[in-house]
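K.L.:
Pasting a predicted model and its sequence here:
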Amino acid sequence: MLPAQAGAQPATQHIRPRLVAESMTPAPGQTVTLALVMTPEAGWHGYWQNPGDAGVPASIKWQLPAGISVGAFQHPVPTTLLIAGLMNYVYEREYALLAPLTVPRDAAPGTRLRISGDAEWLACTDSICVPERGPVALELTVRSGSVEPATRTRFDTWRAALPRPLGSQAHFEIVGDRLRIAIPLPASVPVVRPYFFPATQGALDYAAPQSVSRSGDTLIVETAAKAKLGRLEGVLRLDEKTGLALAAVPGAVPPPGEPIGDEARSFDWTTALTALAGAILGGLLLNVMPCVFPILSLKALGLARAGIDEREARREALAYTAGVILTCLALGVALLALRASGAAVGWAFQLQDPRVIGLLLLLVVGVALNLAGVFELRGTGAGGAMAARGGVSGAFWTGALAAFVATPCTGPFMAAALGAALVLPAAAALTVFAGLGLGLALPFLAVGFVPELRRRLPKPGSWMETLRRLLSVPMFLTALGLAWILGRQAGVNGMSVGLGAALLLALALWWAGVRQAGGKAILPALPAAAIAGALVLTLAPVATPAEAGGLLKAQPFSEAALQKARTDGRPVFAYFTADWCLTCKANEKTAIERDETAKAFAARNVAVLVGDWTNGDPAIGRFLEQQGRSGVPLYLYYPAGAPEPRALPQLLTTSMLVELVS
């Protein structure tokens, strides 16, 4: 005999419910298992008891005969589904929610029991969600409690999908913004694809990555914390079909052990080599940045100075390369360390701090005044410009300076390379960062090691003084841009402090130049420089809204705004920018904020969202990471109804955007 179940449901339902009992003839006082079986259409899904960032689990309002009781549902182990930066805990195939039903002890044999209820659930695809409901019912007859073999097998399969009780006490601790969980589990138990699903609502950042390691007979799960907890409940997935239900209380958690799961994946040489090649090419293109080109030009011309031998040229080239690569490696190490601590940061993270921008402003002002001839650095070649300073130490620090000021933007080839670096093992990731430095250093390295290139460079002479002063212009423009960024990050007051510090430094260096002309030392100018540095270290970021409006009537980006626009059936153009990103601003002026683009977007009702990452918004940082990127710019176009966005090139044109929506 097959179990009875609810009748036909409306055709509009995308998840079809039915109610099934393990025994259709329960005995008096017997507890039998009910199953609410949910069958999604292809492409649709339902939700776990804690749906994650969005969603609603299934529920029933029961109508039961007197004396009948039904317990809470037990949910099978779910799967993860990341949509537009929102983590969902879902079921994409047929699943069964199990609940115990107890028959009264005084129920007379032959009594018919109608078990019914109104079920409610949320059915979703990757782009739309539909609240659904419907009645479910079955009729039991009190009798012997027999179970059909086929029905028992079906229920055994559903029970096997439920998480098993852990049976031991787990512990957790919150360190800073990190949640760490210690789960006792014998080392002999295989763990293939571990993931912790929190049953406790709001306990952690659902979309944040999780790392799992094993230390002896303990699994350690680490992720981003969201709230202080007194108790933590959840399910640890061990593989595709198995999970453990656990409860954790505050307690000591051992240090991380050997990574398992996704962190222990075999090394992907293709990805690593592709990322390395992209980093080298991207670094090479950074040499045309306006704050690097003057330094590189004068440094290269310095190698053509009279009297330098082959050995000295190579030593300076290697020192410059070492300065560039070590700076890129230092930035890479800091980036990986911050991400390991749970911070949602990406490439150029250092420029999201106004104090760093302030120090860069002072440094660039100093370089610009040096190039303009306001003061000199003793012992330098090529007219005394700092960028052309001779010797190994001068070459090393020139390379370090070039790397630090050139790396804010991710240009062509760099975006995918640096995004891949963040998912590679640490050693491979650092190799990619070193490749970026190598690409940046390649032109100077070639000049140092290829005599023919040096012979083709113009010989030093009085003309270099004129060139030197001309090359101070892009440095002054860079300083102006940094002052503008400082205003965006720290407000008008912060920009005033930065400009005041820069003015103090400029006056001190001018005075130093006057003293030099009289044959006196410039050391007395150092206190003024120290005061200027101390002033910018007092800067603090202020909240500034992302730029919106404009010709395209853009709105600030949020994942909720993105989801709403897509649910409304509108195509979406989302772009991510920062005030310190030269490529971003160039694209905005030449391609995005144009009349032709605005008219084409308006004609197709395109929703435009702009994500401003100037101050390192962690929500945008996480979204960029989910797209496989570590920095800006990023341009995404979501056609109406399409499940996935289309990533656009990092160099845009107006015609490209117009054709995109045509």
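P.N.:
It's in. Numbering: from 1, shown residues only.
K.L.:
Under the pLDDT cut-off, which ranges of the stretch 551-662 of the chain? List them.
P.N.:
Applying pLDDT under 70 to the stretch 551-662 of the chain picks out residues 582, 625-626, 628, 630.
K.L.:
So which residues of it form helices?
P.N.:
559-567, 582-587, 595-603, 618-626, 654-661 (DSSP state H, counting those that start in this stretch).
K.L.:
Which one of those helices lies nearest to residue 403?
P.N.:
helix 582-587 (15.9 Å; Cβ to Cβ). (Glycine included, C-beta is placed from N, CA and C.)
K.L.:
And that closest one, what's buried?
P.N.:
Using 16 or more other Cβ atoms under 10 Å as the test for burial, helix 582-587 gives 582, 583, 584, 585, 587.
K.L.:
next one: stretch 488-506
P.N.:
Applying 16+ other Cβ under 10 Å to stretch 488-506 flags 488-491, 494-495, 497-499, 501-502, 504-506 as buried.
K.L.:
which residues make contact with it from outside it?
P.N.:
352, 354, 357-358, 361-362, 365-366, 369, 374, 479, 483-484, 486-487, 528-529, 531-533, 535-536, 538-542, 544, 579, 614-615 (Cβ atoms under 8 Å, 6 or more residues apart in numbering).
K.L.:
what do you get for stretch 647-662?
P.N.:
Counting by Cβ under 8 Å, 6+ apart, 410-412, 415, 571, 573, 583, 587, 590-592, 594, 596-597, 600-601, 603-604, 606, 627, 633-637 sit against stretch 647-662.
K.L.:
Among the residues you listed, name the buried ones.
P.N.:
Listed as buried from those are 410-411, 415, 571, 573, 583, 587, 591-592, 594, 597, 600-601, 606, 627, 633-637; burial here means 16+ other Cβ under 10 Å.
K.L.:
Just the ones in strands from the residues you listed, please.
P.N.:
Counted as lying in strands by DSSP state E, out of these, are 573, 634, 635, 636, 637.
K.L.:
is it possible to export the residues you listed to TSV including distance to residue 143?
P.N.:
Formatted as TSV, these follow (distance: Cβ to Cβ, whole Å):
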residue	distance to residue 143
573	65
634	65
635	67
636	61
637	63
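K.L.:
Show the contacting residues for the nearest residue to residue 120 once chain neighbours are set aside.
P.N.:
Nearest non-adjacent residue to residue 120, counting by Cβ to Cβ, 6 or more residues apart in numbering: residue 133, 4.5 Å away. Listed by Cβ under 8 Å, 6+ apart, the contact partners of residue 133 are 118, 119, 120, 121.
K.L.:
Turn those into TSV, columns for secondary structure.
P.N.:
Output for the contacts of residue 133, formatted as TSV (DSSP: H, G, I helix; E, B strand; the rest coil):
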residue	secondary structure
118	strand
119	strand
120	strand
121	strand
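K.L.:
picking that back up, residue 518: which of the helices of the stretch 551-662 of the chain is closest?
P.N.:
When the helices of the stretch 551-662 of the chain are compared for distance to residue 518 using Cβ to Cβ, the nearest one is helix 582-587, at 40.4 Å.
K.L.:
Restricting to C-alpha, output that closest one in CSV.
P.N.:
What follows is helix 582-587, C-alpha atoms only, in CSV (Å, rounded to 0.1, in the frame of the first residue of the first chain):
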residue,chain,number,x,y,z
LEU,A,582,43.4,56.7,-12.6
THR,A,583,41.9,54.1,-15.0
CYS,A,584,38.5,54.4,-13.2
LYS,A,585,38.4,58.2,-13.6
ALA,A,586,39.5,58.1,-17.2
ASN,A,587,36.8,55.6,-18.1
